[in-house]
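A.B. asks: After the sequence you'll find the predicted model.
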Amino acid sequence: QVQLVESGGGLVQAGGSLRLSCAASGHTFSSYTMGWFRQAPGKEREFVAAATWGLEIKYYADSVKGRFTISRDNTKNTVWLQMNSLKPEDTAVYYCAARYQGVSPTTSYDYWGQGTQVTVSS
């Protein structure tokens, strides 16, 4: 079992930045691919970014490429999502997720956090 707790969400103006954190506990964190997803009201949960345990593979949704960066520190059991140049359309609840297999843009992850709200005002 892996427990995931996100933090760092909040309200920010368009063009601003936020850094989300996801603290993991339980099973060996470094064994898992970690991903970030988001869900806006009335919309499906969508993929944002993911990284393998050694960061040798990073994968981003086209909508965030060049603006968001995923990173992780396996010694701290933590993964981050640095979000720059935020836009109102980035407003959503952001979820951290873990899966034992490789990177995937689908929601086929084994463990999920409770989510953290990000609101970008225009």
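C.D. replies: Nice, thanks for sending it over.

A.B. asks: Which parts of the protein are strands?
C.D. replies: 2-7, 10-13, 18-26, 33-39, 46-51, 58-60, 68-73, 78-83, 92-99, 111-112, 116-121 (DSSP state E).

A.B. asks: who wins for proximity to Pro105 among the ones you listed?
C.D. replies: Closest to Pro105 of those is strand 46-51 (Cβ to Cβ; 4.0 Å). All C-beta atoms are positioned from the backbone trio N, CA, C, and that covers glycine.

A.B. asks: Looking only at the closest one, what residues are buried by neighbour count?
C.D. replies: Neighbour-count burial for strand 46-51, counted by 16 or more other Cβ atoms under 10 Å, picks out 47-51.

A.B. asks: is it possible to export the strands of the chain to TSV including mean pLDDT?
C.D. replies: Below are the strands of the chain laid out as TSV (pLDDT from 0 to 100):
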stretch	mean pLDDT
strand 2-7	94
strand 10-13	98
strand 18-26	94
strand 33-39	96
strand 46-51	97
strand 58-60	94
strand 68-73	95
strand 78-83	96
strand 92-99	96
strand 111-112	96
strand 116-121	98
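
A.B. asks: which one of the ones you listed has the most crowded surroundings?
C.D. replies: Across the strands of the chain, averaging neighbours per residue (mean count of other Cβ atoms under 10 Å) puts strand 33-39 on top, at a mean of 24.

A.B. asks: who does that one pair up with?
C.D. replies: strand 46-51 (antiparallel), strand 92-99 (antiparallel) (DSSP bridges).

A.B. asks: Just grab the bridge partners of the nearest residue to Thr78 once chain neighbours are set aside for me.
C.D. replies: Of all residues not flanking Thr78 in the chain, Ala23 sits nearest, at 5.5 Å (Cβ to Cβ, 6 or more residues apart in numbering). Ala23 has these beta-bridge partners by DSSP bridges: Val5, Thr78.
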